[in-house]
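sequence first, then the predicted structure:
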Amino acid sequence: MKTLICEQPGQLAYGSKEKPLPEKGSAILQVKRIGICGTDLHAFEGTQPFFNYPRILGHELAAVIDAVEPGHGFAAGDQVSIIPYFNCGTCIACRNGLPNCCAAISVFGVHADGGMCEYISVPVEYLLKGNDMSFDELALIEPLAIGAHGVRRAGVKPGEFVLVIGAGPIGLGVMEMARIEGANVIAMDVNETRLNFCKEKLQITSTINAAATDVLQQLQAITGKDMPTVVIDATGNLKAINNALQYLAHGGRYVLVGLQKEAFSFSHPEFHKRETTLMSSRNATREDFEKVMTAMREKKIKPATYITHRVQFGEVKEHFESWLNPANGVIKAMVEC
């Protein structure tokens, strides 16, 4: 079967390998859609933490079950998405119900070869059935689940102001899930095209260009001088992370969903005087995935609108580098298999 391998930063190559054989407790899946994630792009750039080369990328997936043993609630022909975070089940995090931050986690397409191939083998416990959903929708569950988890970590309450920094696919998912929780969402990015997308597609009425000279004044005007009680970074950009504390209300929560390689820092007095709660948000749990699927089925979110670029599997290598260029207006690139 055909595969696409990231051999080293900046280098993709098509190859081939044997179709996986059925194993006890696992299903053989025929991949139908692959969403291109920031993780994939960062891996291509060489800036993704916890990453080794060569690697088959791809963890935002929609697939059809090709083969599965009976007794698990799945059958050949079922349409599925996957939870791509394979946990050990025995470490302190897993024992405490936090498999998303398992001490020995293996993320499909990051720590282990992922879905940029024709067939994959996945343990059935990580499958989500969605026969009533489109392949595009199934492939977009995972990035939205990341957003759902970040919002849940932040403890977002109805009516509070939530500033989401970064209007890429993960940031959009954060905005959508915060809106569903009843928050007043403020979108911030340096890309006006993405901010316009937030206004037109997500009905986010408050948007701010982070490059403006009056960001603090705009936030004060929107929040009645209170400032946002939740700030969520979805940029994975060191400058943005270091800069965002000033936007937070006293007593607020600052959540880092985005990830980058370097140490971040900010003023201890500024952090202390707010009695800031600082937390990270890693991956997502089944609860988050199921919340997203429910929201999709209830038509509260329409993630297919995120798809701005679409290619066939054989065209990915040709187009991949172009998706890194902000001038190309990429929100979500989708690969059809």
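Received the coordinates, thanks.

name the helix or strand of this protein that has the lowest mean pLDDT.
helix 38-45 (a mean of 90; mean pLDDT, DSSP states H and E).

partners of residue 2 in the sheet?
Residue 2 has these beta-bridge partners by DSSP bridges: residue 16.

rewinding a little: the least confident helix or strand of the chain: how far from the chain's middle?
12 Å (C-alpha atoms, centre = their mean, to the nearest Å).

what does whichever helix or strand comes after that helix rub up against?
Next in sequence after helix 38-45, counting helices and strands by DSSP states H and E, comes strand 55-56. Defining contact as C-beta atoms under 8 Å, 6 or more residues apart in numbering, one finds that strand 55-56 is touched by 3, 4, 5, 6, 43, 109, 110, 113, 114, 115, 116, 117. (Glycine included, C-beta is placed from N, CA and C.)

narrow these to those in strands?
3, 4, 5, 6 (DSSP state E).

which members of these are the farthest-apart pair?
Spatial extent of the ones in strands among the contacts of strand 55-56 (C-beta to C-beta) is set by the pair 3 and 6 at 10.7 Å.

and those two? Which one has more around it.
Neighbours of residue 3 and residue 6, each counted by other C-beta atoms under 10 Å, are more numerous for residue 6; the result is 25 against 19.

sheet-wise, list the partners of the helix or strand hosting residue 107 with their directions.
Assigned by DSSP H and E, residue 107 belongs to strand 106-107. Note on strand 106-107: by DSSP bridges, its sheet partners are strand 85-86 (antiparallel).

residues touching the partner strand, excluding its own?
Contacts with strand 85-86, where a contact means C-beta under 8 Å, 6+ apart, come from 99, 100, 102, 105, 106, 107, 108, 112, 123, 126, 283, 284.

how about a cut-off of 6 Å?
Residues outside strand 85-86 that contact it (C-beta atoms under 6 Å, 6 or more residues apart in numbering): 100, 105, 106, 107, 283.

ditto for stretch 154-170
For stretch 154-170, using C-beta under 6 Å, 6+ apart, the contacting residues are 143, 146, 171, 174-175, 178, 181-189, 194, 198, 223, 228-235, 240, 244, 247, 253, 255, 306, 332.

strands - which of these land there?
184-189, 230-233, 253, 255, 332.

adding neighbour count, write those residues out as TSV.
Listed next are those as TSV, based on neighbours: other C-beta atoms under 10 Å:
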residue	neighbour count
184	18
185	26
186	26
187	26
188	29
189	25
230	27
231	27
232	30
233	29
253	22
255	26
332	24
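
pLDDT and distance to residue 87 for those residues - can I get that in a markdown table?
A markdown table is the format used below for the ones in strands among the contacts of stretch 154-170 (pLDDT from 0 to 100; distance: C-beta to C-beta, whole Å):
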| residue | pLDDT | distance to residue 87 |
| --- | --- | --- |
| 184 | 98 | 35 |
| 185 | 98 | 31 |
| 186 | 98 | 34 |
| 187 | 98 | 32 |
| 188 | 98 | 33 |
| 189 | 97 | 33 |
| 230 | 98 | 27 |
| 231 | 98 | 29 |
| 232 | 98 | 24 |
| 233 | 98 | 25 |
| 253 | 98 | 26 |
| 255 | 98 | 22 |
| 332 | 94 | 26 |
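
pick out the most distant pair among the residues you listed.
253 and 332 (27.4 Å).

what is the neighbour count of residue 295?
Other residues lying near residue 295 total 19 when counted by other C-beta under 10 Å.

so what's the residue most central in space within the chain closest to, chain neighbours aside?
The structure's the chain has its C-alpha centroid closest to residue 143; by C-alpha atoms, centre = their mean the separation is 3.1 Å. Nearest residue to residue 143, sequence neighbours excluded (C-beta to C-beta, 6 or more residues apart in numbering): residue 169, at 4.8 Å.

also residue 22?
Counting by C-beta to C-beta, 6+ apart, residue 22 lies nearest to residue 67, which is 5.2 Å off, once chain neighbours are set aside.

surely that neighbour forms part of a strand?
Yes: counting by DSSP: H, G, I helix; E, B strand; the rest coil, residue 67 falls inside a strand.

tell me what it is bridged to.
residue 28.

hmm, it is touching residue 29, no?
No: using C-beta atoms under 6 Å, residue 67 is not in contact with residue 29; the gap is 9.0 Å.

looking at the two, which one has more neighbours?
residue 29 (25 against 16).

residues contacting that one?
Per C-beta under 6 Å, 6+ apart, neighbours of residue 29: 63, 120, 122.

distance of residue 43 from residue 114?
10 Å (C-beta to C-beta, to the nearest Å).

so what sits against both of those two?
With C-beta under 6 Å, 6+ apart as the test, residue 43 and residue 114 both reach residue 57.

appreciated, that's everything.
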